[in-house]
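>>> Below are the sequence and a predicted model; questions follow.
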Amino acid sequence: MESPKEQVVAVRKNGDGDIVELKLSSGQVVDYLEAQAMTKNGQIAGLNVFRGRDGDEHLRSNADGDPSNNLDNLPGF
C-alpha cells in the first residue's frame, strides 16, 4: 500500500524572504532542494516543480484558487 503523501504545513524563510526549509505534516523538516526532490518523486502533495525564467527549478503550490495554501502564505516555524 502506498504511504500517504506529505503536506507542507509551515515554511522557514531567510532574510530575503526566500523559502529555505519546509515543515511537513509528519513533522519532518526538509530543505528546499530536498523538498524539490521529494515533490518530483511524488512524496509531497499539492506542490509542483517548474523551471523559472532564471533557468533554476522552483517549488510552487498547485493552482487551486485558494491563496491561503500558497507556500508564501503558510505560517512560519
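Yep, it's here. Numbers count the residues shown, from 1 in each chain.
>>> Run through the chain and note the low-pLDDT ranges.
For the chain, applying pLDDT under 70 flags the ranges 1-3.
>>> Okay, helices next: where are they in it?
All helices of the chain, identified by DSSP state H, fall at 32-40.
>>> any chance you could map the strands in it?
Ranges of strands in the chain, per DSSP state E, are 8-13, 19-24, 29-31, 47-51, 57-61.
>>> Spell out which residues sit in contact with residue 26, please.
residue 6 (CB atoms under 8 Å, 6 or more residues apart in numbering). For the C-beta atoms, the positions are set from N, CA and C on the backbone; glycine is no exception.
>>> Now tabulate the strands of the chain in JSON lines and tack on distance to residue 39.
Formatted as JSON lines, the strands of the chain follow (distance: least, CB to CB, whole Å):
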{"stretch": "strand 8-13", "distance to residue 39": "10"}
{"stretch": "strand 19-24", "distance to residue 39": "10"}
{"stretch": "strand 29-31", "distance to residue 39": "10"}
{"stretch": "strand 47-51", "distance to residue 39": "5"}
{"stretch": "strand 57-61", "distance to residue 39": "6"}
